[in-house]
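[1] any chance you could fold what I've pasted below:
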Amino acid sequence: MSWLATKTVSIFLLPPLNLLLLSGLGILLLSRRPRLGRALILAAWLLLYGLSTPFIGDTLLQSLEQTPPLRLENTATSNIDAIVVLSGGVYCSAPEYGGDDITGSVLERLRYTARLYRATNKPILVSGGKPQSTIPESTIMKEVLENDFHIPVQWVEDRSINTLENARFSAALLQQHGIHTIYLVTHSWHMPRAVSAFEKAGLTVVPAPTVFTTQCRINWLDFLPSSRALQMSSRATHEWIGQLWYWLQ
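    Numbers count the residues shown, from 1 in each chain. Here you go, the predicted structure:
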């Protein structure tokens, strides 16, 4: 399935569109099945409210963050062969950079990769193709690591358009160089699906997650809807669907 088709299907399965479709179905049923129609509308409204609150959004993302942070002080003498960092979207036609650039979320991964490299001195592979950009995301990632962080990149995997392909193509490239054990850098909520994909591709993975969902304290603002919270809930739902899809494959 192409990247565009996959993204289209996922949009229909994720909030807010799935909830809009549910409420639309309820409206259509009001005349023929009024009780069922009202129930669907109410369910869609309650789900939209709940998924739009920071409390629910944080909780859903935290349920995916099963891997503890890597202790960098224990990595200096490790026998890991390489570091693999995954792409995560492109900032198209960035006016201040004069062309396509990485998104903020990818920059978060690269920052942690730079820190991990300085602690381990292991060679780096950047992984990501060009589903939206004319330039592979991994090529931009390499430029950022080398030019902005002054960190060398050993390999560029530039064909993948999803996590499963990140794993397959990266494993094939690394195994050509006799590398079978890696540090894997991605967001903490993405790590379970990424680790599963890379292990199925034949690599031994030591997770190096970054960007955990944290809270200072819970207050009444955590129960008021916000667009950011809905995005967090949608991201968590996307990961659960992705894990199920990879398991079925």
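[2] break this structure into its domains for me.
    Per automatic domain parsing, the domain ranges recorded for the chain read 3-63+223-248, 72-210.
[3] deepest of those, which one?
    Of all the domains of the chain, domain 72-210 has the most neighbours on average by mean count of other Cβ atoms under 10 Å, namely a mean of 19. Quick note: C-beta positions are derived from backbone N, CA and C, even for glycine.
[4] which strands or helices does the helix or strand hosting Ile11 pack on?
    Here Ile11 sits within helix 3-13, counting by DSSP states H and E. On a contact count with 3 or more Cβ pairs under 8 Å, 6 or more residues apart in numbering; DSSP states H and E, helix 3-13 meets helix 17-29, helix 227-248.
[5] repeat the analysis, applying 7 Å as the threshold.
    helix 227-248 (3 or more Cβ pairs under 7 Å, 6 or more residues apart in numbering; DSSP states H and E).
[6] now for the residue nearest to the spatial centre of the chain: which residues touch it?
    The C-alpha lying nearest the average C-alpha coordinate of the chain belongs to His190 (Cα atoms, centre = their mean; 4.6 Å). Contact analysis of His190 by Cβ atoms under 7 Å, 6 or more residues apart in numbering lists Glu239.
[7] just the pLDDT for it.
    You'll see His190 listed with a pLDDT of 98.
[8] what angle do the host helix or strand of Thr186 and helix 227-248 make?
    In this structure, Thr186 sits in strand 181-187 according to DSSP H and E. If you take axes from the mean of the first three to the mean of the last three Cα atoms, to 10 degrees, strand 181-187 sits at 140 degrees to helix 227-248.
[9] next structured bit after strand 181-187?
    Once the chain leaves strand 181-187, the next helix or strand it forms, by DSSP H and E, is helix 191-200.
[10] for Ile124, see how far away Leu72 is.
    For Leu72, the distance to Ile124 equals 15 Å [Cβ to Cβ, to the nearest Å].
[11] and for Gly178?
    For Gly178, the distance to Ile124 - Cβ to Cβ - is 16 Å.
[12] same question for Thr53.
    38 Å.
[13] leaving out sequence neighbours, find the closest residue to Gln215.
    Distances taken as Cβ to Cβ, 6 or more residues apart in numbering put Asp58 closest to Gln215, at 6.0 Å, once the chain neighbours are dropped.
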